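Engineer: sharing a model prediction with you, sequence too.
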Amino acid sequence: MTGLDDDTAAESRTRRLRPLGGLLAAMAVALTGTRVSAIALPWFVLVTTGSVTQTGLVAFFEMAPYVVVKALTGPLVDRTGPRVVSWTTDLASAAAAGAVPLLHATGLLSFPVLLALVAVIGAVRGPGDLAKEIMVPEAAERARVPLERATGLSGVTERLASTLGPAAGGFMVALLGPLTGLAVNAACFALGSLIIALALPRGMGRPADQTPPSTGYWRRFGEGFTFLRGEPLLLTIIVMIGITNLLDAAFNTVLLPVWAQRSGNGPTAIGLSNGMWSAAAVAGSLVAAAVAHRMPRRVVFFAGFLLAGAPRFLVLAADVPMWAVLAVFAASGAGGGFLNPILGAIAFERVPPGMRGRVNALGDSMAWAGIPVGGLLAGAAVVSLGLAPALLIGGAAYFLTTNLAALLPQWREMDRLRGRGAARRTADPDPGPPAGVAPADDRRERAQ
């Protein structure tokens with residue numbers, strides 16, 4: 001009997017963990033493909049056009065629709081349900097990404113057509129990312145896993161994708177060419193869509209918006225703005241992350257590829273650098289999941305940003321050996337690993353389940369608003385000032401943004417939020433024993 005009981009318990013545990021495991025798997029494959037594309041696409045444009053400006057323009061055409069559409073589709077995600085939105089948008093992303101190598105092979109890929117395709121990819125990826133993000137609390141409930149552990153695992157998943165994706169992308173581009181990386185991106189989106197559609201429990205990801213169907217779209221959209229206006233801490237976080245995201249976009253889409261080309265290190269150096277950063281961030285995220293709840297959020301948060309931001313810019317400007325670049329990227333990634341769990345938990349704690357689509361969409365879009373212009377500004381800075389001055393300016397801006405923001409009084413609330421999230425959790429649509437209720441400690445979430 002004991003053996004049968006053990007088998008039954010193991011089967012029950014597997015069934016219980018399936019929602020969280022399926023969601024994390026879908027996030028992993030989609031994010032891995034995106035990270036591969038983040039190296040393959042800029043390198044493809046750079047080597048085929050030789051234009052830094054056009055490389056930045058492609059980044060703009062992908063990220064501008066991402067930000068705008070993500071902001072506008074929050075009410076749709078709340079009303080339709082994140083599961084449907086996730087698998088349909090991933091399927092559309094796969095089709096658009098797969099069209100790039102196909103059209104190039106047939107000689108039909110002009111630069112305007114490329115811009116149109118990356119705009120489609122960005123437009124549908126925004127709501128797809130949002131839908132996966134807001135399913136994390138429900139997946140935690142169904143798996144009976146504390147919310148802080150689920151957000152930590154989603155952060156680790158993101159970091160692992162950011163480790164494997166850039167490393168694989170760099171070597172893939174060097175050995176097989178950038179179009180292979182774009183084809184892999186399409187395959188990853190298709191697989192992510194399949195996992196969401198088939199692997200998650202049928203009742204998961206149902207609409208959480210309880211407002212009457214007659215309530216208009218713009219009224220529900222406005223409710224998100226109204227909620228954010230009453231949350232000074234969330235607004236302060238969004239503004240600061242918006243500036244650092246702009247600088248990160250400038251670094252990743254233009255400054256790092258141009259450095260790799262001009263230094264002679266090539267695309268492999270991009271993959272190694274980003275892979276080192278992400279590997280260290282995975283380690284940082286695991287440590288954060290284990291011990292960060294015992295540490296003051298504010299101190300950990302700003303110490304992490306001190307390591308994660310400016311040093312990357314400065315080490316490339318210093319023209320040091322590759323081993324030194326990798327060492328700095330490793331230290332930077334370790335600090336960055338503590339950021340997403342903290343940021344993610346704050347939002348899940350403060351936003352009611354029925355408004356997560358709207359509020360997270362608006363917050364994410366505002367935080368990402370500078371990303372589309374980051375590549376354009378970096379391209380203009382490199383052309384007019386040179387690579388080293390552009391890197392120094394970016395590093396100084398990163399340092400000042402994060403350190404001056406730390407002086408604002410709103411940040412004191414970071415360490416006063418513990419325990420507020422439990423009252424706002426979504427109910428389990430498939431009732432069972434309560435999820436392992438998280439202790440009244442800090443809950444971490446994901447950042448941009």
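Structural biologist: Thanks, I have it.
Engineer: tell me the contacts of residue 82?
Structural biologist: 130, 131, 132, 134, 135, 205, 357 (C-beta atoms under 8 Å, 6 or more residues apart in numbering). Placement of C-beta: from N, CA and C, glycine included.
Engineer: for residue 395, same thing?
Structural biologist: Residue 395 touches 309, 310, 311, 312, 313, 314, 317, counting by C-beta under 8 Å, 6+ apart.
Engineer: same list (these) but as a markdown table, adding secondary structure.
Structural biologist: Formatted as a markdown table, those follow (DSSP: H, G, I helix; E, B strand; the rest coil):
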| residue | secondary structure |
| --- | --- |
| 309 | coil |
| 310 | helix |
| 311 | helix |
| 312 | helix |
| 313 | helix |
| 314 | helix |
| 317 | helix |
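Engineer: for the residues you listed, work out which two are farthest apart.
Structural biologist: The span of those, defined through C-beta to C-beta, is set by 309 and 317 at 13.9 Å.
Engineer: higher neighbour count, those two?
Structural biologist: Higher neighbour count among residue 309 and residue 317: residue 309, with 25 against 19, using other C-beta atoms under 10 Å.
Engineer: surely that one touches residue 243?
Structural biologist: No. If you go by C-beta atoms under 8 Å, residue 309 and residue 243 don't touch, sitting 10.4 Å apart.
Engineer: from the contacts of residue 82, which shows the smallest pLDDT?
Structural biologist: When the contacts of residue 82 are compared by pLDDT, residue 205 scores lowest at 65.
Engineer: any low-confidence regions in the stretch 201-350 of the chain?
Structural biologist: 203, 205-217, 289-294, 345 (pLDDT under 70).
Engineer: may I ask which of the contacts of residue 395 has the most neighbours?
Structural biologist: residue 312 (29 neighbours).
Engineer: can you redo the contacts of residue 395 as CSV with distance to residue 389?
Structural biologist: Formatted as CSV, the contacts of residue 395 follow (distance: C-beta to C-beta, whole Å):
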residue, distance to residue 389
309, 18
310, 15
311, 17
312, 16
313, 11
314, 12
317, 8
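Engineer: out of those residues, who's nearest residue 282?
Structural biologist: Nearest to residue 282 among the contacts of residue 395: residue 312, at 17.1 Å, using C-beta to C-beta.
Engineer: show me where this structure has its strands.
Structural biologist: In the chain, no strands are found when defined by DSSP state E.
Engineer: distance of the closest residue to residue 85 other than its chain neighbours relative to residue 229?
Structural biologist: Nearest residue to residue 85, sequence neighbours excluded (C-beta to C-beta, 6 or more residues apart in numbering): residue 131, at 4.2 Å. Residue 131 sits at a distance of 25 Å from residue 229 (criterion: C-beta to C-beta, to the nearest Å).
Engineer: go on, residue 135?
Structural biologist: Taken as C-beta to C-beta, the span from residue 135 to residue 229 is 26 Å.
Engineer: same question, residue 37
Structural biologist: For residue 37, the distance to residue 229 - C-beta to C-beta - is 36 Å.
Engineer: if you count surrounding residues, which of the two has more?
Structural biologist: Between residue 37 and residue 229, counted using other C-beta under 10 Å, the more crowded position is residue 37 (28 against 10).
Engineer: need the contact list for the nearest residue to that one once chain neighbours are set aside.
Structural biologist: In space, and not counting its chain neighbours, residue 37 is closest to residue 185: 4.0 Å by C-beta to C-beta, 6+ apart. By C-beta under 8 Å, 6+ apart, the residues touching residue 185 are 33, 34, 36, 37, 40, 97.
Engineer: tell me the one of those residues nearest residue 369?
Structural biologist: residue 34 (19.0 Å).
Engineer: surely that closest one touches residue 125?
Structural biologist: Yes. Under the criterion of C-beta under 8 Å, residue 34 makes contact with residue 125 at 7.4 Å.
Engineer: between the two, which has more neighbouring residues?
Structural biologist: Neighbours were counted for residue 34 and for residue 125 using other C-beta under 10 Å; residue 125 has more, 25 against 22.
Engineer: which residue packs closest to that one, ignoring adjacent ones?
Structural biologist: The spatially closest residue to residue 125, leaving aside those adjacent along the chain, is residue 93, at 5.4 Å (C-beta to C-beta, 6+ apart).
Engineer: tell me where the stretch 51-200 of the chain has helices.
Structural biologist: For the stretch 51-200 of the chain, applying DSSP state H, counting those that start in this stretch gives helices covering 52-72, 74-80, 82-105, 111-134, 136-143, 147-176, 178-199.
Engineer: could those helices be laid out in JSON lines, adding distance to residue 338?
Structural biologist: What follows is the helices of the stretch 51-200 of the chain, written out as JSON lines (distance: least, C-beta to C-beta, whole Å):
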{"stretch": "helix 52-72", "distance to residue 338": "25"}
{"stretch": "helix 74-80", "distance to residue 338": "28"}
{"stretch": "helix 82-105", "distance to residue 338": "27"}
{"stretch": "helix 111-134", "distance to residue 338": "19"}
{"stretch": "helix 136-143", "distance to residue 338": "18"}
{"stretch": "helix 147-176", "distance to residue 338": "9"}
{"stretch": "helix 178-199", "distance to residue 338": "27"}
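Engineer: quick one, which of these is nearest to residue 394?
Structural biologist: helix 52-72 (13.7 Å).
Engineer: report all helices and strands that the closest one contacts.
Structural biologist: In terms of contacts (3 or more C-beta pairs under 8 Å, 6 or more residues apart in numbering; DSSP states H and E), helix 52-72 is packed against helix 2-49, helix 111-134, helix 356-367, helix 371-385.
Engineer: go through those and name the closest to residue 333.
Structural biologist: Closest of these to residue 333 is helix 2-49, at 13.6 Å (criterion: C-beta to C-beta).
Engineer: now the angle from that closest one to helix 82-105?
Structural biologist: Going by axes from the mean of the first three to the mean of the last three C-alpha atoms, to 10 degrees, helix 2-49 is angled at 40 degrees with respect to helix 82-105.
Engineer: and helix 2-49, average pLDDT?
Structural biologist: The model assigns helix 2-49 a mean pLDDT of 76.
Engineer: then stretch 374-391?
Structural biologist: 90.
Engineer: how about stretch 165-183?
Structural biologist: Stretch 165-183 carries an average pLDDT of 80.
Engineer: what's in contact with it?
Structural biologist: Contacts for stretch 165-183 (C-beta under 8 Å, 6+ apart): 31-41, 43-44, 47, 97-98, 100-101, 104-105, 184, 266-275, 278.
Engineer: just the buried members of those residues?
Structural biologist: Those of the contacts of stretch 165-183 that meet the buried threshold are 31-41, 43-44, 97-98, 100-101, 104, 184, 267-275, 278, by 16 or more other C-beta atoms under 10 Å.
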